[in-house]
Structures are given as structure tokens and as C-alpha cells.
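S.K.: The sequence isn't on hand, but the structure is:
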């Protein structure tokens with residue numbers, strides 16, 4: 001069995017770690033792989049071997065400097081060019097399918113720490129599972145999310161969305177819970 005080894009360039013400076021880079025590292029580590037962060041805060045620059053794939057997190061200000069780095073395989077991750085990249089909006093997005101919407105989280109609720117209100121959809125339209133998972137990854141990394149409260153009228157009205165969401169949620173490297181209305185009854189997972 002081969003375990004993955006990756007290098008990650010985050011270009012974070014003193015900012016919080018980019019959520020997609022953090023999630024990628026968590027998935028590799030959970031699978032028994034190794035992660036080498038090229039630009040850890042306050043540590044000496046160590047590019048790592050060129051044969052290990054290099055993942056570069058591209059923030060709104062552009063990619064971090066790749067000076068001094070070599071690679072045989074390069075992958076760009078992250079939200080791209082935007083003042084607030086995790087809330088970027090593409091003008092070409094198909095909004096009827098809700099998959100082009102930016103991350104629009106609520107501020108949380110009450111004094112319950114680590115819980116956030118999210119919407120899976122609106123009316124008869126549902127957000128893609130991948131978009132909700134991306135928002136959850138963002139909230140875990142940036143705000144210590146641990147519990148999701150869905151404000152949707154009824155998650156059962158979205159067909160098989162809930163089982164697909166739960167299957168994807170189980171693949172995340174964090175233990176998260178959710179609560180919402182399903183078939184007219186408050187449910188949780």
C-alpha cells in the first residue's frame with residue numbers, strides 16, 4: 001500500500017491557514033500520508049523534495065511566491081482572485097442551480113459556541129452537497145464549527161440530498177453534528 005506525501009504552500013503570513021489547504025492536509029494525514037508545509041509560520045524556509053507533489057493555495061491576492069521551489073507535479077487549490085476569496089461570486093454561475101452562490105454563513109446563534117445556521121436550499125432549489133461541504137470546511141477552519149443548524153423548512157423536500165450530505169460529511173476529518181427539520185420533525189445526525 002502506498003501512502004501519499006504532499007507539500008503545501010499556503011502563503012499565509014500571520015493570517016489564519018487557508019481552509020482548503022487545511023482540509024487537504026487533514027485528509028492526507030487521516031489516510032496515513034505525510035504533509036510537508038513549505039511555508040510554516042515562523043519556521044525556516046524548507047522547500048522539500050521536488051519529487052513530492054506541490055499543492056499551492058491561491059488566495060485572493062494571487063499565488064504565494066514560488067521562488068526557490070521545484071516540482072515535478074504542481075496543483076493549484078483555493079478560491080482564486082477575490083477580495084474575500086471564500087465568498088467569491090462568479091458572474092457566469094448558474095444561479096438557478098444554486099451552485100454558483102458564494103459562502104454566505106450566518107453569524108451563529110445564541111451563546112452556543114461552534115454552531116452555525118446554514119441553508120441547504122431555498123424553496124424547491126437545493127444547493128449542491130459539495131457547496132455545503134465547502135462552506136462547512138471553511139467554518140471548521142476559520143470559526144471552530146462543530147454543529148450545523150439547518151434553517152430550511154424541510155430537508156426531506158430536497159429528495160435524496162440529506163443522505164448524500166451525510167455520506168460526504170462522514171468523509172470529513174472532523175466529528176460534526178447537524179440538526180434540522182426532516183419530514184416535519186426535528187432531526188439530528
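M.R.: Here it is on my side, so go on. Nothing here was measured: the structure is a model prediction, and the numbers come from that model.

S.K.: what does stretch 169-186 contact?
M.R.: 23, 26-27, 29-30, 120, 133, 136-137, 140, 145-156, 162, 187-189 (CB atoms under 8 Å, 6 or more residues apart in numbering). For the C-beta atoms, the positions are set from N, CA and C on the backbone; glycine is no exception.

S.K.: go with 7 Å
M.R.: By CB atoms under 7 Å, 6 or more residues apart in numbering, the list of residues contacting stretch 169-186 from outside reads 26-27, 30, 136, 140, 146-150, 152-156, 162, 187-189.

S.K.: Narrow the residues you listed to those that are buried.
M.R.: Listed as buried from those are 26-27, 136, 140, 146-150, 152, 155-156, 162; burial here means 16 or more other CB atoms under 10 Å.

S.K.: Walking through this protein, point out its strands one by one.
M.R.: 5-9, 34-37, 54-57, 74-77, 115-118, 121-122, 125-126, 147-150, 177-182, 185-188 (DSSP state E).

S.K.: Now find how far off-centre the last one is within its chain.
M.R.: Relative to its chain's centre, strand 185-188 lies at 25 Å (CA atoms, centre = their mean, to the nearest Å).

S.K.: Output the strands of the chain in CSV; the columns should cover distance to residue 166 and mean pLDDT.
M.R.: Formatted as CSV, the strands of the chain follow (distance: least, CB to CB, whole Å; pLDDT from 0 to 100):
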stretch, distance to residue 166, mean pLDDT
strand 5-9, 28, 86
strand 34-37, 27, 88
strand 54-57, 28, 81
strand 74-77, 25, 76
strand 115-118, 14, 80
strand 121-122, 16, 80
strand 125-126, 14, 84
strand 147-150, 11, 88
strand 177-182, 8, 93
strand 185-188, 11, 92
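
S.K.: would you turn those strands into TSV with distance to residue 170?
M.R.: TSV is the format used below for the strands of the chain (distance: least, CB to CB, whole Å):
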stretch	distance to residue 170
strand 5-9	23
strand 34-37	22
strand 54-57	24
strand 74-77	22
strand 115-118	17
strand 121-122	21
strand 125-126	19
strand 147-150	14
strand 177-182	12
strand 185-188	15
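
S.K.: Please report the distance of the residue most central in space within the chain from residue 72.
M.R.: Centroid check for the chain by CA atoms, centre = their mean gives residue 137 as the closest residue, at 3.2 Å. To residue 72, residue 137 is 28 Å away according to CB to CB, to the nearest Å.

S.K.: of the strands of the chain, which approaches residue 67 most closely?
M.R.: strand 5-9 (10.8 Å; CB to CB).
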